[in-house]
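1. Below: sequence and its predicted model.
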Amino acid sequence: MSASIFEDGFSSDRLFKQGYSYTYDDVIFLPHYIDFPTYSVHLASNLSRRVPLSIPCVSSPMDTVTESHMAISMAALGGIGIIHSNLTSFEQAHMVRSVKSRRVPLLSNPVFKSPSDRIQSDDVFDASNPYVLVTEWQPQFEAFGLRFGGDCWGGGGYMEEKKRDVVATVRENEVVDVVAKEEVERIKGYPKLGVGTVGPDGTWLVGAAIWTRESDKERLEELKMYSKLDVVGGNVVTVSQAQNLIQAGVDGLRVGMGSGSICTTQEVCAVGRGQATAVYKVASLASQSGVPVIADGGISNSGHIVKALVIGASTVMMGSFLAGSTEAPRVFVYQVCMGSLEAMTKGSDQRYSGDTAKLKIAQGVVGAVADKGSVLNFIPYTMQAVKQGFQDLGASSLQSAHDLLKSSVLRLEVRTGAAQVEGGVHGVVSYEKKSF
Ligand code: IMP
């Protein structure tokens, strides 16, 4: 009897060579030998050559996903946020500064006023900015100020003791934020935060997206005040595209074309690649040069994250998965795709060629997403689910998953349409899906 009869599943190399463009749902891993508990799985990774993260999560540079609150919270969780560029270079640089000036992932965005300013009713009644800080009146804010040193729980104790509902946080004798007791209480109820993503100066690490137009050099000038920048290039989906960027010296690669949840690039332009194939192909090349890969787009559950990471990505970049969360910029339930006509009208059309062609062609749609609550709550649960997936595969880290895949120990298969139906909830009249 030939030994090949007992060969089970496909090696990744064989599976991805079949000439099909596979996306995450098309493929499935076969379980492997488990000899460690879930808590032994470590998901630490790298965004790019010099940016280590304690969780492999990146928030997408979309104007409905990453502004300063999201970036602060992603960094507090051990991931990172990339500020979108659908705004002026000055506004974008201001957001980066705002992320770096905060210590704790609390939501507040106070309006700063000097004593000579008039306070408008809009300043006071804006639900997302409920505080107005008059900062030039030194004696008042000095008395009011508090140094947190990154400990919002300790801060909560201080508020209790002083019987205050709101205190200001101070950095180098400047008020940088206010903290409300109800916010501290909200965060105390979430899973405890792990190791945050901070630079050598103790401030949160944050990314900023820029395009490759001539005018973007100005954007870069505004952002270059932070030295030792790592440059991530993309988006790419093929080996030769990746090769070009690696030769140009990128520190990381962003992979995905048309895989975004509400993007129509593949439909409109007939160009792109199934995300599983794109990540596998690019990561196989990039790993030879030690360049980390960001799997961008198409993540809608923890299983997709497991698949992206195991087939070679170092991190996943998420848009719709995070849109509609407490930390996302829109308080309402809208997610606007960056290539939709609406977003292009606001500014992203230069990227999608609408400005030179004069005729605007959308490569995305406007969609509504559900309210998801805080990322500080659901990302830790998601990471726990990802750890369970890694455990089922017998991989205790990203490196060990990549090694098992390369050595063909990990086996995969393509799922038929019926197998995909079977792998989801089926055969029940109605159900309620609670993830945690
Ligand atoms: P999601 O996580 O599936 O929602 O995908 C997010 C990714 O979709 C982003 O990081 C972008 O790379 C991509 N994206 C966002 N807006 C557009 C668009 O309008 N057209 C094409 N791709 C987009």
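-> Yes, it's here.

2. C-alpha only now, for contacts and for neighbours.
-> Will do.

3. what's in contact with the helix or strand encompassing Glu422?
-> If you go by DSSP states H and E, Glu422 is part of helix 417-423. Residues outside helix 417-423 that contact it (C-alpha atoms under 8 Å, 6 or more residues apart in numbering): Asp25, Asp26.

4. can you give me how far that helix is from the chain middle?
-> In terms of C-alpha atoms, centre = their mean, to the nearest Å, the centre of helix 417-423 is set 29 Å apart from its chain centre.

5. Quick one: mean pLDDT over it.
-> Here helix 417-423 scores 94 as its mean pLDDT.

6. tell me the contacts of the residue in the stretch 1-150 of the chain that the ligand sits nearest to?
-> Residue of the stretch 1-150 of the chain nearest the ligand, by C-alpha to the nearest ligand atom: Ser60 (4.5 Å). Neighbouring residues of Ser60 by C-alpha under 8 Å, 6+ apart: Thr66, Gly81, Ile82, Ile83, His84, Asp296, Met317, Met318, Gly319.

7. Quick check: Thr382 is in a strand.
-> No - Thr382 is assigned helix when assessed by DSSP: H, G, I helix; E, B strand; the rest coil, not a strand.

8. per-residue confidence for it?
-> Note on Thr382: pLDDT of 97.

9. Tell me who's in contact with it.
-> Taking C-alpha under 8 Å, 6+ apart as the test, what Thr382 contacts is Ser302.

10. and what of Leu285?
-> By C-alpha under 8 Å, 6+ apart, the contact set of Leu285 is Val239, Ala242, Gln243.

11. Chain neighbours aside, what residue packs nearest to the first one?
-> Same thing as Val239. Spatial nearest neighbour of Val239, excluding adjacent residues (C-alpha to C-alpha, 6 or more residues apart in numbering): Val282 at 5.4 Å.

12. Show the average pLDDT along stretch 290-309.
-> Mean pLDDT, stretch 290-309: 97.

13. what about that stretch, start to end distance?
-> 15 Å (C-alpha to C-alpha, to the nearest Å).

14. Let me see the contact set for the residue nearest to Val239.
-> Val236, Val237, Thr238, Val239, Ala242, Val255, Val293.

15. so where is the stretch 301-436 of the chain shaky, pLDDT-wise?
-> For the stretch 301-436 of the chain, the stretches with pLDDT under 70 are 330-338, 342-358.

16. For whichever residue of the chain sits closest to the ligand, the count of nearby residues, please.
-> With C-alpha to the nearest ligand atom as the measure, Gly339 is the residue of the chain nearest to the ligand, at 2.7 Å. The number of residues packed near Gly339 is 29, by other C-alpha atoms under 10 Å.

17. For my notes, confirm it occurs in a helix.
-> No - counting by three-state DSSP, one finds Gly339 to be coil, located in no helix.

18. Mind pulling up the pLDDT for the spatially most central residue of the chain?
-> Closest to where the C-alpha atoms of the chain average out (C-alpha atoms, centre = their mean) is Ser59, at 1.8 Å. We have a pLDDT of 98 for Ser59.

19. Quick one: residues contacting it.
-> Ser59 neighbours (C-alpha under 8 Å, 6+ apart): Val65, Thr66, Met70, Ala71, Met74, Ile80, Gly81, Ile82, Met317, Met318, Gly319, Leu322.

20. Quick check: the fourth one touching Leu77?
-> Pointing back at Ala71 there. No - contact criterion C-alpha atoms under 8 Å: Ala71 and Leu77 do not qualify, at 9.9 Å.

21. Who has more neighbours out of those two?
-> Ala71 (34 against 25).

22. So what's the gap between the host helix or strand of the more buried one and the chain middle?
-> In this structure, Ala71 sits in helix 68-77 according to DSSP H and E. Distance of helix 68-77 from the chain centroid (C-alpha atoms, centre = their mean) equals 9 Å.

23. Quick check: mean pLDDT of that helix?
-> 95.

24. repeat for stretch 234-243
-> Stretch 234-243 comes out at a mean pLDDT of 97.

25. And the strands in the stretch 301-436 of the chain?
-> For the stretch 301-436 of the chain, applying DSSP state E, counting those that start in this stretch gives strands covering 315-318, 334-336, 366-368, 412-414.

26. Of those strands, flag the one that's most buried.
-> Most buried of those, by mean neighbour count (mean count of other C-alpha atoms under 10 Å): strand 315-318, with a mean of 26.

27. want to throw the contacts of Leu285 into JSON lines with distance to the ligand, neighbour count and secondary structure?
-> Below are those laid out as JSON lines (distance: C-alpha to the nearest ligand atom, whole Å; neighbours: other C-alpha atoms under 10 Å; DSSP: H, G, I helix; E, B strand; the rest coil):
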{"residue": "Val239", "distance to the ligand": "18", "neighbour count": "17", "secondary structure": "helix"}
{"residue": "Ala242", "distance to the ligand": "16", "neighbour count": "25", "secondary structure": "helix"}
{"residue": "Gln243", "distance to the ligand": "19", "neighbour count": "16", "secondary structure": "helix"}
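
28. circling back to that earlier point, what packs against the helix holding Ala71?
-> Helix 68-77 is packed against strand 57-59, strand 80-83, helix 89-101, helix 375-392, with contacts defined by 3 or more C-alpha pairs under 8 Å, 6 or more residues apart in numbering; DSSP states H and E.
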